[in-house]
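1. Here is the input, now give the coordinates:
(2 chains)
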Amino acid sequence: MKRLLPILAIITCFPSVAIALDAAEEAVQPNGVPRALPPVPGSDAAWRDARFGRELTPARVMRWLEKAHAVLRETGQPDVDILHQDITFEIDDKAQTVKGTIVATLHVNNPGVTQLHFRAEPWDGVLVTYGDLEVPSTLTEMQGSGVIDVALPQALTEATDVTISVAFADKPQCGEVTFLLVPCNFDDQFAYFAFYRYYLQPASFDSDPFTSMLHVRTPIGLMAAAPGIPSGPDDNKDGTVTWNFEQIENTENAGVSVAVYDPKGTPAGEKPFINVYVINDFSDNAKTFIDLGKALIAFFGERFTPFPWVGLNYIQVSNELGGGYAPLGGIFMLRDEFSASPDLDMFWMTGVALVSHETAHQWWGNLVEPSGAANVCLSESLAEFSSCYYTEKTFNSRYQQIQNNLQFVYGVQGKADVPVHSETVYYTSAYVPIVYYKGSIIFDMLRFELGAETMMKGLSIYATTWNRKSAKLEDIQAAMEEAAGQKLDWFFKQWFDTKGYLQASLRATTAPVDPKAPTGKTKLRLRVVQFSKPLRRVTLPVAVDLLDGTTLDTTLVIDPSTAADPSDKTSVTVDKVFDQPILGVRVDRERVLLREWSAGTTGDVNLSGLTDGMDLVDFAFRFGRSIVFTAGDGNAYFHPNISWNEIYDLNQDGKINKDDLPILTEAVGTEAVLD
Amino acid sequence: MKPLILLPFVATVALLLGACGGGDPANGAASVGPDATGAGDLAPDSTADVAPAPLGAFTADAPTGTTFVATAGTFAPTGLLTVDVTLTGFKDLYGVAGHLHYDPAHLELVNIEGKSPLVEGSYDNPTVARKSPAGRVLLGTARLQKKTGKGQLQAPTGIDLAGTALWARLTFKPLAAGSSRVEFAPGDRGAFDSQKVLIKAEFLGGKVVTTGGAN
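-> Coordinates of the predicted model:
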């Protein structure tokens, strides 16, 4: 029960926003590759900048958060658990006001409880009643949130359930970004959106999931949408209507939106149901999203566990969500995401990537919640991994993984980089590249290490074991170990608990096995010299181009514990024999690993052991690739070009161009020596 | 000048080169034809005012197909052997490379001249041609797409060689009388189309026979 609120664990950012995250760092990385674009207005980066200034560091954020928590925890004792909230919520879009009543059922844990404390919004006009009695209460605004302190007329009886009612009225300040999100807005088509500002939470920031019944009263013409089982509308005497959403699962991740919706859904009785709440302009695309939702539920359901809820509502909002927000049984996404259709190739791919990420959150973040901030990877990294896996299978493309990979490797350096599995990861300016991108690629590397079948078996064990519970990283490690039948300490420690990625030089030789009696058999000797710490054990995907024009895909294990020189484990050499002469070797051509290569033998980009004309030919096929582009402002920025391979970037300026050519041609004739 | 030695008539190279046709000089390709034969006509005599007879003969391997890398050798009156490495019959050629081996005890490589047989319009065509130890010349040439203005790189296109194009010209100094081969070794050669698919092509060498060393 004791854990930090995981609401941030189910929010997705656009890649374009993510690119922007590190602009506060120096403009140019040590290797000369320019850093990212400045923050997009309204993005989480812009929000962080506004709140913390440009000198944001994880330590600074932690200090701020610890302070906030300390204040809240002084008064936020877990004397009661929230079991259920029956919420009536009324929108007046003309007056741009909201008012509501929350009837909360509480279970009393401790004897002698005479004070209650809840975290809520800094509402106006809070009125608390206990039984039929109005009781004294105060609402204190604190760090952008509100704490309601309630004084009870008598001590509550331990181990009983009690009911308390909180009424409020408010004119929300919708322009303020809170926890990455603009919480609400009023415009012609989208009247209101809120992701947590209408129910009670423990004042301590600790988790306390509850069931709920939400009743949203709107003027005629507007419709409410929320996670849960929808019913209504019910007509009210005052001419308004009420929309109902029953949440039968325990959760504190919720949201509600009110707009001029024209919803579409699966036929009545179909299980699980899917509803798509879009405004009229987008209703032609609703069926596309219903079909996509079905496909995703089937895909993930076959691999993880069957879809755990009664249904899923995809809800269009106009707020800046940085992509999407996925509480239990509902997914909120920005308006234009619903424009995606299969006719728009890249837009569709990007759209599917987002929808699949948010849908995967039904398992990762909702079915199994991450226990505390350090384990946010169990929500975001797993959801992004699942999305990548889906798009890879659907589009036969590793586009998403490679972009994620590059955005971490080239987008995060210096103080912003912290381990994925660390208490500070929530608060680094590189939160998205580390948790979403690096984290997802770590799980993708695990899939490569174990094989897809074993990986999915492990995820299924994990989802089943931790169904409706909170899990830690060690729990998914245990599930994977059970599936794989092997210990995986080395993998989890070297990737989740350390920052950075694998940086290494590659040097190879190729030679006939028996030069005196040539049979064609050729020995590849590959030496990997790591210059990043910690030294990592990796299984290298290696594509060997053979004389007959075929390519043989194989793997080579680089394990520092097998280094020839025990005093210098940075250098590991492995041999493998092939039946034919070798034209060249490509290591990790599909960019499975979080890595940055350089050619250990200058110019020997094809790792044949000799810098020669074949390297020039290989170079020609990569010529013109770049991860740097010049924007309209004349400055150079990073761009995650999926065809990028840094081994060809001989001068390491982020561009494979004419400036690299002299380095290669001058090096022609250089032979690798690997004794 | 050393005494000239009469040589047997060798027609092989002439026959081969006669089939090759000419390249486009503007593209860096050499014009080669029957007159460029390295075959030594029978020298009528050994008088000093007659052009000296070559010190040897180069017998090129004959192609069996229509797409090949060929070598053709000619002996100069000075005794130096010029070997032209040419490309013939290639379609959509994007890059080609290989190691040309020779016997350093028999031939001394004195000059290498790389050409640009794949240059065209929006493409540059760097060539590497470098001597490496132990009797080997490292050859490679490839197309590099030029960027035009702010435009993106286009899908790569190779070049169709209408005839024969000169890739490199090597000059050897025979060191002694003897016989050896100039040839591409398997495993170190390949030609690729614009999709990086290996083109089926022959890499042809030739036999060098010398009657003595050149000055």
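2. count of residues packed around residue 87?
-> Using chain A here. Using other C-beta atoms under 10 Å in any protein chain shown, A:Ile87 is surrounded by 23 other residues. C-beta: built from backbone N, CA, C; applies to glycine.
3. Wait, chain B was what I had in mind.
-> 27.
4. Just the element for it, please.
-> Taking DSSP states H and E as the criterion, B:Leu87 maps to strand B:81-88.
5. and that strand, what other elements does it pack with?
-> Applying 3 or more C-beta pairs under 8 Å, 6 or more residues apart in numbering or on different chains; DSSP states H and E, we find strand B:81-88 packed against strand B:56-60, strand B:68-75, strand B:93-101, strand B:164-174, strand B:206-210.
6. would you say A:Thr602 is within a helix?
-> No - remark: A:Thr602 does not belong to a helix; assigned using DSSP: H, G, I helix; E, B strand; the rest coil, it is coil.
7. Leaving out sequence neighbours, find the closest residue to it.
-> Spatial nearest neighbour of A:Thr602, excluding adjacent residues (C-beta to C-beta, 6 or more residues apart in numbering or on different chains): A:Ala667 at 4.2 Å.
8. from chain A, which residue is nearest to chain B?
-> Using C-beta to the nearest C-beta, the point where chain A gets nearest to chain B is A:Gly613, with a distance of 1.7 Å.
9. can you list the weak-confidence ranges in the chain?
-> All of this is about chain A. Low-confidence regions of chain A, defined here as pLDDT under 70, cover residues A:1-78, A:142-145, A:174-184, A:195-197, A:204-206, A:319-322.
10. wait, I meant chain B there
-> Using pLDDT under 70 as the threshold, the predicted model of chain B has low-confidence ranges B:1-54, B:148-152, B:215.
11. all strands of it, in order?
-> B:56-60, B:68-75, B:81-88, B:93-101, B:107-114, B:123-124, B:127-132, B:136-142, B:144-145, B:164-174, B:178-184, B:190-193, B:202-203, B:206-210 (DSSP state E).
12. which residues pair with the spatially most central residue of chain B across the strands?
-> Among the residues of chain B, B:Val85 comes closest to the average C-alpha position under C-alpha atoms, centre = their mean, at 1.5 Å. Bridge pairing for B:Val85 (DSSP bridges) gives the partners B:Thr71, B:Ala168.
13. residues in contact with it?
-> When contacts are counted by C-beta atoms under 8 Å, 6 or more residues apart in numbering or on different chains, B:Val85 is found next to B:Val69, B:Ala70, B:Thr71, B:Leu100, B:Leu139, B:Leu166, B:Trp167, B:Ala168, B:Arg169, B:Leu170.
14. Just give me the closest of these to A:His639.
-> B:Leu139 (35.1 Å; C-beta to C-beta).
15. can you tell me the distance between the two ends of stretch A:364-381?
-> Length of stretch A:364-381, first residue to last, C-alpha to C-alpha, to the nearest Å: 9 Å.
16. what about B:Ala176, how many neighbours?
-> B:Ala176 is surrounded by 12 other residues when neighbours are defined as other C-beta under 10 Å.
17. just to revisit the earlier point, how far off strand B:127-132 does the strand holding B:Leu87 point, in degrees?
-> Here strand B:81-88 points in a direction 140 degrees away from that of strand B:127-132 (axes from the mean of the first three to the mean of the last three C-alpha atoms, to 10 degrees).
18. can you state the direction angle for strand B:81-88 and strand B:178-184?
-> Here strand B:81-88 runs at 30 degrees with respect to strand B:178-184, directions being taken by the same axes, to 10 degrees.
19. got the contact list for the nearest residue to A:Leu106 once chain neighbours are set aside?
-> Distance criterion C-beta to C-beta, 6+ apart; nearest residue to A:Leu106, sequence neighbours excluded, is A:Val80 at 4.2 Å. The neighbourhood of A:Val80, defined by C-beta under 8 Å, 6+ apart, consists of A:Leu106, A:His107, A:Val108, A:Asn109, A:Val113, A:Leu116, A:Leu156, A:Val162.
20. could the residues you listed go into a markdown table alongside neighbour count and secondary structure?
-> Compiled in a markdown table, these are given as follows (neighbours: other C-beta atoms under 10 Å in any protein chain shown; DSSP: H, G, I helix; E, B strand; the rest coil):
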| residue | neighbour count | secondary structure |
| --- | --- | --- |
| A:Leu106 | 24 | strand |
| A:His107 | 16 | strand |
| A:Val108 | 19 | strand |
| A:Asn109 | 14 | coil |
| A:Val113 | 19 | strand |
| A:Leu116 | 26 | strand |
| A:Leu156 | 24 | strand |
| A:Val162 | 18 | strand |
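21. Mind picking the one among the residues you listed that's closest to A:Ser429?
-> Once C-beta to C-beta is applied, the member of the contacts of A:Val80 that ends up nearest A:Ser429 is A:Leu116, at 36.9 Å.
22. quick one: A:Lys264 from A:Val241, how far?
-> Noted for A:Lys264: a distance of 19 Å to A:Val241, by C-beta to C-beta, to the nearest Å.
23. Would you mind saying which of the strands of chain B lies nearest A:Tyr130?
-> For these, the distance to A:Tyr130 is smallest for strand B:144-145, at 76.6 Å, taking C-beta to C-beta.
24. Quick check, the residue in chain B closest to chain A?
-> Nearest residue of chain B to chain A: B:Gly140, at 1.7 Å (C-beta to the nearest C-beta).
25. Pretty sure A:Asn110 sits in a strand.
-> No - secondary structure of A:Asn110, determined by three-state DSSP: coil, with no strand assignment.
26. Excluding covalently adjacent residues, which one is nearest to it?
-> Beyond its immediate neighbours in the sequence, the residue positioned closest to A:Asn110 (C-beta to C-beta, 6+ apart) is A:Asp79, lying 4.6 Å away.
27. OK, contacts around that neighbour?
-> So A:Asp79 contacts A:Val108, A:Asn109, A:Asn110, A:Val113, A:Gln115, A:Leu116, A:Leu156 (C-beta under 8 Å, 6+ apart).
28. List the beta-bridge partners for A:Tyr277.
-> On the basis of DSSP bridges, A:Tyr277 is bridged to A:Ile315.
29. follow-up on the earlier one: quick check: bridge partners of the residue of chain B closest to chain A?
-> Judged by DSSP bridges, the bridge partners of B:Gly140 are B:Ala97, B:Val128.
30. pretty sure it contacts B:His99?
-> No - with contacts defined as C-beta atoms under 8 Å, B:Gly140 does not count as touching B:His99, sitting 9.6 Å away.
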